[in-house]
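Colleague: Build me a structure from this.
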Amino acid sequence: MASIEVKSRSKTIKPYSSNELSTDSLVQELIDELSIDNHISKHRLRITRLVNGKQIPLIPHETFTKNGIEESAESIKLYAKDLGPQISWRTVFLVEYFGPFIFHPLFYFFSVFYGVKPFFHTLTQIIAFNLVLLHFLKREYETVFVHKFSNATMPIFNIFKNSTHYWILSGFNLAYFVYAPTNDYTGIWKNYVFHVNELPTWAIGSLVLTWIFAEFSNFKTHSILSELRDKDPKKYVIPYGYGFDLVSCPNYFFESLSWFAYALLVGNWSAWLFFAVSTGQMWLWAVKKHKRYLKTFGDDYKKLKRKIFVPYVI
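Modeller: Residues are numbered from 1 along each chain as shown. Next up, the predicted model:
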């Protein structure tokens, strides 16, 4: 057994000491003890150790030894922090993806928001409306039935931060400017602010087929990632097949492709803005995951020669 001393980094947590655990014990066991002692949810607690003046978080589902503490250590000094009120990842996803279901029908069906009488939408606007709702319906389905979450919760404030992207950029931003009555505007309003493409039928069909392919592929890659975590949602495993043999994160690439097809279809600046912002964010996530794969699997992953985001390119 080891003597573990836990100092508090938050006013809501009392200092704690334990002689019941060993370096082979899981960090989660200490978190459970702290949770009971402080009458606080275990999901709010983060355990860290001080290394070169920097607080390094311990991974709960691993032992103290695997977290870098010597197996022969008899005295261990750690720190505990209260992360504040938490909310489940699944709940956050469901809420943030729901925003477009409010804004798109609102601006599509109620012309009063444009100060005009009811009007007929163009073929492009009708298709765009359905594509957006189908995309987010798929996302809601994946949240409930497909995705596995390595962490049970996140800080409750994140629900507001995360929702901004979907409620504003893909909700209000896309809906208001794409569904406007184009025939009621002239000049810069018609040619730029409320512009919607009028492409030939073959072009519209090609872009819709590209969108369908990208959305199906995105769902397929999400399913592969989910199946990898059936036994242990916290264990990292190298994914293979359907896009993974070419890039580290094909799920991000396919989603970016679907929004690229959508932006080409509608041609409105708001669609290109959302495509740029979402692709930029997914690129950052892809880089982070690519580096994690390289760090976790080393040469076994490096020899696969996978790109980060775009097949054969980068």
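
Colleague: Residue 193 reaches residue 176, doesn't it?
Modeller: No - the criterion here is CB atoms under 8 Å, and residue 193 misses it with residue 176 at 10.1 Å. No exception for glycine: its C-beta is placed from N, CA and C like everyone else's.

Colleague: neighbour count winner among these two?
Modeller: Remark: of residue 193 and residue 176, residue 176 carries more neighbours, 17 against 14, as counted by other CB atoms under 10 Å.

Colleague: Could you report the neighbour count for the closest residue to that one other than its chain neighbours?
Modeller: Using CB to CB, 6 or more residues apart in numbering and skipping residues adjacent in sequence, the residue nearest residue 176 is residue 107, 5.3 Å away. Using other CB under 10 Å, residue 107 has 21 other residues around it.

Colleague: and residue 107, what element?
Modeller: Using DSSP states H and E, residue 107 sits in helix 89-109.

Colleague: Residues contacting that helix, please?
Modeller: Applying CB atoms under 8 Å, 6 or more residues apart in numbering, the contact partners of helix 89-109 are 113, 121, 125, 129, 132-133, 136, 139-140, 143-144, 147, 149, 151-154, 158-159, 162-163, 165-168, 170-172, 174-176, 179.

Colleague: pLDDT averaged over that helix - what is it?
Modeller: Mean pLDDT, helix 89-109: 95.

Colleague: And the next helix or strand past the helix or strand of the chain with the lowest mean pLDDT?
Modeller: Across the helices and strands of the chain, mean pLDDT, DSSP states H and E gives its lowest value to helix 187-188, namely a mean of 78. Downstream of helix 187-188, the next assigned helix or strand under DSSP H and E is helix 201-228.

Colleague: quick one: buried residues of that next one?
Modeller: Under the neighbour-count criterion of 16 or more other CB atoms under 10 Å, helix 201-228 has 204, 207-208, 210-211, 214-215, 217-225, 228 buried.

Colleague: And stretch 88-102, by the same measure?
Modeller: Across stretch 88-102, burial judged by 16+ other CB under 10 Å covers 89, 92-93, 95-100.

Colleague: now do stretch 131-141
Modeller: Buried, per 16+ other CB under 10 Å, within stretch 131-141: 131-132, 135-136, 138-139.
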